[in-house]
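> Sequence and predicted structure are below.
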Amino acid sequence: MKFVFLGPPGVGKGTYASRLAPKLGIAHISTGDIFREEAAEGTELGNRISAIMKRGDLVPDGIVIEAIRERVKKDDCRRGFILDGFPRTIQQAKALDRMFRIDMVLNIHMPHDILIEKISARRVCRECGDIYNVADIQRDGIDMPPMLPKVQGKCDKCGGELYQRPDDKPEVIKERLDNYNELTKPLIEYYRKKGLLHEFQARTGPEKVIPQLLELLGKYKR
Ligand code: ADP
Ligand code: ZN
């Protein structure tokens, strides 16, 4: 089972992928998490990546593709994976085509104003990357209760400190969305033409969404 989760920053790709992958026995591969780890290590490459991420720009294709090539070699990918945040450019998608046959691309949608509100309210565990959200959104047919930790400011999974990603601040959000519209959105057509695209409207919190997606993705079990 090999899936790509597509959609703008903050749409829920990471939340969904991190909950679905263990249930399906496949790996959750988040290029954002990989680069945040690299940045935290403070290597020369890490520092370069960190500067790019802080601006909300994309890491160069060559670096991203190499990171994926290495990641998919790991044992946990034997039965498949969910790619969360990769590919983000046509060049990356073409590189992926040369590596694997993808089963399905899930294109996750959310209204623009809700997206902005959700990104600004996102909190992430500094240690394990677990995702929380303090926004309570109930309007326009949307029912997204907050995703709060049991203890305020602390990760449920590992007790790590929750923080707001520097690129989740308003100035950087705009840059990231511009980059999404210019560079990543063309992938929707790219995968539609291949017959792989499945559209999904996010209207409720993960409690309701996860069972729906589990059924959908489970159909690709071999
Ligand atoms: P989000 O989906 O909320 O924007 P991610 O954690 O997926 O956040 O990505 C954070 C940052 O990591 C991006 O803004 C970008 O700088 C970098 N990044 C992640 N994946 C890629 C990719 N496939 N290509 C280029 N840059 C990437
Ligand atoms: Zn944690």
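Nice, I can see it. Ligands and ions are numbered 1, 2, ... in the order given.
> just the helices in this structure please.
13-24, 31-41, 44-55, 61-71, 90-99, 112-120, 170-179, 186-193, 206-218 (DSSP state H).
> close to ligand 1, is the third one?
Looking back up the chat, that one is helix 44-55. Yes: residues of helix 44-55 contacting ligand 1 under CB under 6 Å from any ligand atom: Ile52, Met53. Where C-beta positions appear, they are placed from N, C-alpha and C, glycine not excepted.
> Minimum distance to Tyr132: which of the helices of the chain has it?
With CB to CB as the measure, helix 13-24 is the member of the helices of the chain nearest Tyr132 (9.2 Å).
> anything in the closest one near ligand 2?
No: counting by CB under 5 Å from the ion, ligand 2 is not contacted by helix 13-24; separation bottoms out at 11.1 Å.
> Spit out the contact partners of the nearest residue to Leu187 once chain neighbours are set aside.
Nearest residue to Leu187, sequence neighbours excluded (CB to CB, 6 or more residues apart in numbering): Ala93, at 5.7 Å. The neighbours of Ala93, taking CB atoms under 8 Å, 6 or more residues apart in numbering as the test, are Pro87, Leu187, Tyr190, Tyr191.
> do that again at 10 Å, thanks
Val4, Leu6, Phe86, Pro87, Ile102, Val105, Thr184, Pro186, Leu187, Tyr190, Tyr191, Lys194 (CB atoms under 10 Å, 6 or more residues apart in numbering).
> and what of Thr89?
So Thr89 contacts Leu58, Pro60, Asp61, Val64, Ile65, Ala95, Asn179, Glu182, Leu183, Thr184, Pro186, Leu187 (CB under 10 Å, 6+ apart).
> change it to 7 Å
Thr89 makes contacts with Leu58, Asp61, Leu183, Thr184, as judged by CB atoms under 7 Å, 6 or more residues apart in numbering.
> likewise Arg123?
By CB under 7 Å, 6+ apart, the residues touching Arg123 are Tyr132, Asn133, Val134, Leu162, Tyr163, Gln164.
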